[in-house]
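Peer 1: For reference, the sequence and a predicted model appear below.
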Amino acid sequence: MMTLLPLALALSASYPGVSRAAMAPLVTRRIPLVACVAAAPPSSSGMAPQFKSRNAVARSILEKLSRLRSTRTAPVDTEGLGRIIRSADTLLNDAVVLEVLLGLKAAGAWQLSLALASLLEAQAPPPPPKGKKGQARHHPPDGLTMGELLASDGVTPRSAGAMQTIHYNVLLSTFAKPRRWKEAMEVQKRMDVRRVEQTTITYNALLHVLEKSARCKLAMKMLKQMRARGVAPNTITFSTTISACARAGEWEQALELLRMMEETGVPPNTITFTAAISACERTGRWEEAERLLEQMERMQITADAHVLNACIGACAKAGQPARALELLREEFPRRGLRADLISYNSAMAAHAKAKDFDGALALLDAMAAEGVRPDLITYNTAIHALGRGGQCERAVALLRQLPELGLVPDGYTYTAAISACAEAAEAEQALVLLDELRASGAALSTLPFSKAIAACAKAGRWREAVALLEAISEAKLPHNPLTINLVLRACRDGGAAELALERLGALLAHVEAAQGAPPVDAETAELAEELIGMAVEMAEEEKEEVRRRVGRAVKLAPPRRK
């Protein structure tokens with residue numbers, strides 16, 4: 001007989017941050033100890049993944065399944081899958097099915113898991129009749145409990161229905177890491193059709209997928225559904241739903257869920273509050289985050305470093321460096337905690353937001369004193385703070401120090417430094433940095449080009465601004481109204497109306513031919529009219545053509561984000 005452990009042991013990996021002890025009271029059945037260890041994920045060379053299990057039958061099935069695909073995206077060979085399952089039919093019981101699903105989950109093989117479930121469903125008898133209030137009745141045969149059935153060492157025949165609640169729970173949890181929320185919702189519908197019992201653990205697994213996918217509204221819908229069906233939500237249920245709202249930036253919904261927990265008598269824990277404060281962090285609601293921190297103290301719930309870091313992050317988003325420093329210097333020591341790299345980076349971001357570059361650099365010194373090693377994000381934030389303060393020379397000097405510190409500047413580093421040059425109208429230095437970025441092989445975006453254009457525009461270097469606009473097109477990067485308007489203003493101020501209109505007309509013609517979203521707005525149209533009035537050497541029909549193109553583009557352009 002194999003060692004028995006709570007279901008929490010098998011599924012705890014599906015709930016990051018939740019201990020097995022916290023999950024154990026939710027489980028009434030016991031399952032065999034399963035060791036499903038996946039080798040390294042398949043490489044681009046096409047090697048198949050390796051699935052492992054201590055159960056001999058499951059291990060044999062997993063070894064055969066590993067040969068069915070060569071990459072994670074390859075379609076599943078359903079015929080081959082059917083042959084493998086049929087060959088093991090007499091030995092295939094619920095314990096083996098569970099271990100196979102766990103092995104596939106450990107290897108991230110959600111496609112195979114889904115295909116296996118579909119095959120087992122197709123082979124199963126019709127769904128059983130509904131019980132009271134439409135609740136499903138789906139139990140192992142012969143009066144065996146699930147624990148007895150799963151501890152049978154592979155000799156008990158497969159139970160009626162093949163896919164039981166416990167199997168679906170594992171299947172649902174398999175979709176979390178790859179964020180396959182549509183597949184998870186479809187599996188839940190299949191459970192409804194087959195009248196398979198859906199427990200709190202089932203909904204928690206589904207909600208975890210929705211949380212990873214930032215599907216707040218859908219998570220709220222599932223929470224409402226489970227309560228309507230008489231399935232009791234627990235702390236994990238609410239914490240996961242709150243986290244889904246946090247990822248979606250729905251801070252008000254997250255706080256409403258906290259109130260709902262109080263009304264229903266479900267106790268929150270540190271994980272719950274961390275999720276709620278993270279929701280406030282993402283939207284810069286620092287005062288709400290502070291109130292939640294105070295609520296935790298009243299309820300005698302421990303606030304760990306994650307909670308305090310989220311509060312500092314909220315201060316960073318809101319540009320509240322003073323409060324961020326208080327949290328860093330007072331709250332951490334008061335609670336016996338040590339500020340870490342995330343703490344300092346977040347506090348530094350608060351200073352950058354407030355254009356307080358001296359405060360940001362002081363934190364860099366404090367990190368050295370506290371033995372916290374800065375990373376590239378730290379220096380990027382410091383350069384950004386210098387840039388917002390118009391400290392171009394100091395920003396560039398800090399960038400030049402990075403190789404000596406063993407750090408390689410990335411796209412953000414260069415963009416922050418170029419932005420500093422733009423603030424100081426240092427066009428030449430901005431162009432040098434942009435050339436370095438383009439030669440570095442780092443991923444490019446429109447933003448560093450836009451910042452370089454801003455530097456050129458401020459310095460009256462309209463020719464370079466026009467050239468950079470063309471460079472954006474050559475790099476196949478998207479244009480935006482802000483950048484185009486910068487170039488138009490630079491040309492207007494430099495008396496180059498004809499060139500500006502020519503380039504604008506050509507760009508819009510290209511976008512129109514590609515059926516892309518026009519990168520213009522109402523200001524573009526106003527600038528174009530100004531330039532048309534200035535372009536004395538341009539033929540009237542050419543002016544009219546540009547006017548028509550701009551008019552069409554403005555009508556088709558997406559609304560500007562507020």
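Peer 2: The structure has been received and is ready for your questions.

Peer 1: Against N55, how distant is the residue nearest to Q164 when sequence neighbours are not counted?
Peer 2: Closest residue in space to Q164, ignoring its immediate chain neighbours: D94 at 6.0 Å, by C-beta to C-beta, 6 or more residues apart in numbering. The C-beta positions use only the backbone N, C-alpha and C, and glycine is treated the same way. Separation of D94 from N55 (C-beta to C-beta, to the nearest Å): 12 Å.

Peer 1: Poorly predicted segments of the stretch 1-150 of the chain, please.
Peer 2: Low-confidence segments of the stretch 1-150 of the chain (pLDDT under 70): 1-54, 69-74, 90, 128-150.

Peer 1: try the stretch 301-450 of the chain
Peer 2: In the stretch 301-450 of the chain (pLDDT under 70), no residue qualifies.

Peer 1: Next: the stretch 151-300 of the chain.
Peer 2: For the stretch 151-300 of the chain, the stretches with pLDDT under 70 are 151-162.

Peer 1: Could you rerun that using 50?
Peer 2: 151-161 (pLDDT under 50).

Peer 1: what about the helices in it?
Peer 2: Using DSSP state H, counting those that start in this stretch, the helices of the stretch 151-300 of the chain run over 165-174, 181-194, 200-212, 216-228, 235-247, 251-264, 270-282, 286-298.

Peer 1: I'd like the domain boundaries of the chain, if you could list them.
Peer 2: 1-229, 375-467, 478-562 (automatic domain parsing).

Peer 1: Mean neighbour count, these: which tops it?
Peer 2: Counting by mean count of other C-beta atoms under 10 Å, domain 375-467 has the highest mean neighbour count of those, with a mean of 21.

Peer 1: distance between it and the chain's centre?
Peer 2: In terms of C-alpha atoms, centre = their mean, to the nearest Å, the centre of domain 375-467 is found 27 Å from the chain centre.

Peer 1: any chance of the domains of the chain in CSV, with distance to A310 too?
Peer 2: Below are those laid out as CSV (distance: least, C-beta to C-beta, whole Å):
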stretch, distance to A310
domain 1-229, 13
domain 375-467, 17
domain 478-562, 25
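
Peer 1: possible to save the helices of the stretch 151-300 of the chain as a markdown table with distance to M348?
Peer 2: Formatted as a markdown table, the helices of the stretch 151-300 of the chain follow (distance: least, C-beta to C-beta, whole Å):
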| stretch | distance to M348 |
| --- | --- |
| helix 165-174 | 37 |
| helix 181-194 | 35 |
| helix 200-212 | 29 |
| helix 216-228 | 30 |
| helix 235-247 | 23 |
| helix 251-264 | 23 |
| helix 270-282 | 15 |
| helix 286-298 | 16 |
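
Peer 1: Quick one: closest of those to E523.
Peer 2: Closest approach to E523 among the helices of the stretch 151-300 of the chain is made by helix 270-282 (29.9 Å; C-beta to C-beta).

Peer 1: the inter-axis angle of that closest one versus helix 216-228?
Peer 2: Counting by axes from the mean of the first three to the mean of the last three C-alpha atoms, to 10 degrees, helix 270-282 lies at 150 degrees to helix 216-228.

Peer 1: Distance from the chain centre to helix 270-282, please.
Peer 2: That offset, for helix 270-282, works out to 15 Å (C-alpha atoms, centre = their mean).

Peer 1: Lovely, talk soon.
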